[in-house]
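In: Fold the stuff below for me.
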Amino acid sequence: MSVFAVYESSTGIVVGAVKAIGTPVPAADVLVGAALPVRLSLKAGDLVTLSLGGRELAVHEADDQPAVFLDPLAYGVTRVSGQPAKPALKELAELKVPVEFDPTGLLVKLPGVADADTAVFALVSEGPDTLPVAGVVKKDDDHVSLPLTVSTGAHAVLVLVAGWAGRLVEVAK
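Out: Reported below is the predicted structural model:
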């Protein structure tokens, strides 16, 4: 038995998984439709649904890893050094630096400088809408501000940084 891991294609972060039994790897839209809903309950009691577009997703067939069903955002699809070209699911370290809004957008920080350009993708709630933003933490830098304008208040934010576990958090502006 194997797992079909659905992941955001620019960062490799897994956003969902299903068990696969004798089925060829489907396209992402076959598994999730036009968009994958991601939900977060805000402190005020509101349930916010972010919409992760199917065009931003890909599917990877991996060996059976039951833990990916419990916390898919903790895994990434990555190349493993010393192995053939087939990627593998890898458990990723938690990015503990807070995500916050700054004057120009959503500020995403790393705990240290990046040793290579690092892809960042985020979804931010704005009322009933989902705002997708992307950027790169440049090599030898430790942050990126993703250009974005949102209203004052609480927002659901899904942050995916290549090489780090994804985070679904509430961020106030």
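
In: Can you name the next helix or strand after the helix or strand containing Gly16?
Out: Per DSSP states H and E, Gly16 falls inside strand 14-20. Counting by DSSP H and E, the next helix or strand C-terminal to strand 14-20 is helix 28-32.

In: what comes up buried for that following helix?
Out: Using 16 or more other Cβ atoms under 10 Å as the test for burial, helix 28-32 gives 28, 31-32. Using the backbone N, CA and C atoms, a C-beta is placed for each residue, glycine as well.

In: go on, stretch 106-126?
Out: 106-110, 114, 118-125.

In: since we're on the residue nearest to Pro26 when sequence neighbours are not counted, how many residues are nearby?
Out: Distance criterion Cβ to Cβ, 6 or more residues apart in numbering; nearest residue to Pro26, sequence neighbours excluded, is Val59 at 6.4 Å. Neighbours of Val59 under the rule other Cβ atoms under 10 Å: 23.

In: Mind putting the buried residues of stretch 106-126 into a markdown table with secondary structure and pLDDT?
Out: Conversion of these to a markdown table gives the following (DSSP: H, G, I helix; E, B strand; the rest coil; pLDDT from 0 to 100):
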| residue | secondary structure | pLDDT |
| --- | --- | --- |
| Leu106 | strand | 98 |
| Leu107 | strand | 98 |
| Val108 | strand | 98 |
| Lys109 | strand | 97 |
| Leu110 | coil | 97 |
| Ala114 | coil | 96 |
| Thr118 | strand | 96 |
| Ala119 | strand | 97 |
| Val120 | strand | 97 |
| Phe121 | strand | 97 |
| Ala122 | strand | 98 |
| Leu123 | strand | 97 |
| Val124 | strand | 98 |
| Ser125 | strand | 97 |
